[in-house]
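[1] Quick one: sequence plus predicted model below, questions after.
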Amino acid sequence: MWFWDLLLGIYCLKILIWFGLLLTRKVRPEKPLQQMENEILSVDVLLPMYNEERVVVKTIENLLNIDYPGCNIIVVDDGSSDDSYQVACQHFGDHPRVRIVRQNNAGKSAALNRAMNLSESDIIVCVDADTLVRADIMDIILPCFQDKKVAAVSGYIRVGNKVNLLTHMQFIEYITLQNFERSVFEDVNGILVVPGALGAFRREVVKSLDGFTSKALAEDCDITLRMLCANYVIKNAAEAISFTEAPDTVNMFFKQRVRWTVGLVQGLLRYAGQLTRHPNKALAFIVLPYTWCFRIVLPFLVPLADYFFLAGYFLLGNHELLPVYLICMAAETFITGFILVSEKQRFNPLQLIFMQKIFRHLVLFSYVCIFLRWTKGSLYKWNKIPRQGNVELD
């Protein structure tokens, strides 16, 4: 029973942390662009691509709809083996706002650095090639940079291809986990990842930190942690919504989650000393323990609790486990349901429980994939996820 008491206590602790931080949040209305106090900031959009033939035209067309003066798009083809570069040049080679260059395959970080070096703007906005954005994102993101301490601003990422059960589950996860945690931890400067799908950076700060690194499996997490270690501020633009393509097959989902999990752990370990000694005590003693517990350890342990309950209840006849198990399940559903309601999302509680059960076991198997790749020595190998090109603006 001690295991279940501990699990229930952890869920209650999570609820208390979230509600405590939500109650202390400051309401700060965003300044409209025309009322920004300082000079208008220049901005470029950086688009790295590798084998994006299916999506690159749609993505660039979408980026050209951004309603901001002087916003240019810098496309760097990272040695694609398909016709991505030719297709991009065919459609946008003569466009005055689009610059397309090609390099030998060196990885996404190298492509981002190449694009950054070609830019002369104050702000660079990094967008994945499978992501569509709304036309007003600059009106929402750029006012955050009026504070000179702000080095990066995270966008709000939603799944834009709800085509099957797997992508629907990821749609819920993006809202209730990733986006919600960024909104909660913003006021304590505890955002650990500015997502690669939509993230804005002060260009000179990125250059001063030696750019994006190819040594990290998750370059977006690495640059964010380096900025935090350098005492910069990371903001969250919850109204700057973008729609990204989530993996729609289990195999592609495992590849993505292996990279995300290993990249996060890699970054937390690499900068552990600087982060634990950070003058921001909320970051050191709330955000970091929370991340290790709820993003690294519990996604592995909680699915095992289901097997433990089934074995204890049906094989050993321990019926005392049922009430505690149901309470834990109710606590988990309450957390997710509360966030969905706060985000004005409709849901069926029974369907939500069903999807949570399936999804957390998929995440568990991603840990098995991590172990298998570690045994094969391919843990840090980048796995490209093929695009389907089925993202739609909501």
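    Nice, I can see it.
[2] contacts and neighbour counts: CA atoms only from here.
    Fine.
[3] low pLDDT regions in this protein?
    Applying pLDDT under 70 to the chain picks out residues 1-5, 7-8, 11, 18, 21-39, 382.
[4] rerun that using 80 as the cut-off
    In the predicted model, the chain carries pLDDT under 80 at residues 1-39, 316, 318, 321, 324, 328, 380-385, 394.
[5] any chance you could map the strands in it?
    43-49, 72-78, 98-103, 123-127, 132-133, 150-159, 198-202, 233-244 (DSSP state E).
[6] was I right about K162 contacting I172?
    No. Under the criterion of Cα atoms under 8 Å, K162 is not in contact with I172, lying 10.4 Å apart.
[7] who has more neighbours, those two?
    I172 (22 against 18; other Cα atoms under 10 Å).
[8] about what we covered before: and the strands of the chain: which comes nearest Y271?
    Among the strands of the chain, strand 233-244 comes nearest to Y271, with 16.6 Å by Cα to Cα.
[9] same for that closest one, what does it pack against?
    Judged by 3 or more Cα pairs under 8 Å, 6 or more residues apart in numbering; DSSP states H and E, strand 233-244 is in contact with strand 132-133, helix 137-141, strand 150-159, helix 180-185, helix 219-229.
[10] So if we follow the domain assignment, how does this structure break up?
    2-20+280-376, 38-276 (automatic domain parsing).
[11] Out of those domains, which is the most enclosed?
    domain 38-276 (a mean of 20; mean count of other Cα atoms under 10 Å).
[12] can you put the domains of the chain in a markdown table and add distance to N390?
    Formatted as a markdown table, these follow (distance: least, Cα to Cα, whole Å):
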| stretch | distance to N390 |
| --- | --- |
| domain 2-20+280-376 | 22 |
| domain 38-276 | 6 |
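[13] Just the terminal-to-terminal distance for stretch 335-349.
    12 Å (Cα to Cα, to the nearest Å).
[14] Can you give me every residue that contacts the closest residue to I172 other than its chain neighbours?
    Of all residues not flanking I172 in the chain, L340 sits nearest, at 7.9 Å (Cα to Cα, 6 or more residues apart in numbering). Applying Cα atoms under 8 Å, 6 or more residues apart in numbering, we find L340 in contact with I172, I175, T176, R346, F347.
[15] same check, this time on A152
    Residues in contact with A152, defined by Cα under 8 Å, 6+ apart, are F145, V194, G199, A200, F201, R202, T224, V233, I234, K235.
[16] So Q266 sits against A216, correct?
    Yes. The criterion here is Cα under 8 Å, and Q266 meets it with A216 at 7.2 Å.
[17] Assess the claim that L47 and D128 are in contact.
    Yes. Look at L47 against D128 with Cα under 8 Å: they come within range, at 6.3 Å.
[18] Right, I'll leave it there.
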